[in-house]
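> Generate coordinates for the sequence data below:
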Amino acid sequence: MSRTVIIDGDVLVYKVAEAVADTFELSTEEDDEFIYRNIGWANKEEARRTVEKMIDDICKCCKSDSLVICLSDMNGNFRKQVNPEYKANRKNIKPILYNWLRAYLKETGYRIYERPNR
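Below is the predicted model of the structure:
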């Protein structure tokens, strides 16, 4: 009997992108005032290794022989049409490699399910 695992790709991508991201603070002195900037960076190779290991670990844990990664439509979320306050308290800032990881998963041959928002 075959077993398929379904992975919430949005959570997976966000967790990995957040885990491999880092920032450092840069300060400059202008007119006797300090200006601080947070500079973000992330390692794509580390992100690739991490996401593949997480997927492999999930499949081994579930003893699955196939998987489907589900991703939200980037053009919007139907829940916001039903309730405009849906996730309104969240900042709309994604980790640096969020979009890169989404694209990576789509390009690597994983079975992806991305339902268009209508």
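> Can you tell me the SS state at residue 41?
Following DSSP: H, G, I helix; E, B strand; the rest coil, the label given to residue 41 is strand.
> where do the helices sit along this protein?
With helices called from DSSP state H, the chain shows them at 9-20, 44-62, 78-82, 98-107.
> Looking at those helices, which is nearest to residue 3?
Closest to residue 3 of the helices of the chain is helix 44-62 (C-beta to C-beta; 6.7 Å). C-betas here are computed from N, CA, C, even on glycine.
> So what angle separates the directions of that closest one and helix 9-20?
Going by axes from the mean of the first three to the mean of the last three C-alpha atoms, to 10 degrees, helix 44-62 is angled at 130 degrees with respect to helix 9-20.
> Extract the C-alpha trace of helix 44-62 and format it as CSV.
As requested, the backbone C-alpha atoms of helix 44-62 are provided in CSV (Å, rounded to 0.1, in the frame of the first residue of the first chain):
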residue,chain,number,x,y,z
LYS,A,44,20.8,29.8,-0.5
GLU,A,45,22.8,26.6,-0.3
GLU,A,46,22.0,26.3,3.4
ALA,A,47,18.4,26.9,2.6
ARG,A,48,18.4,24.3,-0.1
ARG,A,49,20.0,21.7,2.2
THR,A,50,17.7,22.5,5.1
VAL,A,51,14.4,22.3,3.1
GLU,A,52,15.5,19.0,1.5
LYS,A,53,16.4,17.5,4.8
MET,A,54,13.1,18.6,6.4
ILE,A,55,11.2,17.1,3.5
ASP,A,56,13.2,13.9,3.7
ASP,A,57,12.7,13.7,7.5
ILE,A,58,8.9,14.2,7.1
CYS,A,59,8.7,11.5,4.5
LYS,A,60,10.8,9.0,6.6
CYS,A,61,8.8,9.8,9.7
CYS,A,62,5.5,9.2,7.9
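> Can you measure across stretch 85-102, start residue to end residue?
25 Å (C-alpha to C-alpha, to the nearest Å).
> so how far is residue 105 from residue 20?
15 Å (C-beta to C-beta, to the nearest Å).
> Share the number of residues neighbouring residue 69, please.
Residue 69 has 23 neighbours, counted by other C-beta atoms under 10 Å.
> okay, the closest residue to it other than its chain neighbours: pLDDT?
Distances taken as C-beta to C-beta, 6 or more residues apart in numbering place residue 9 nearest to residue 69, at 4.2 Å, with adjacent residues excluded. Reading off the confidence values, residue 9 has pLDDT 95.
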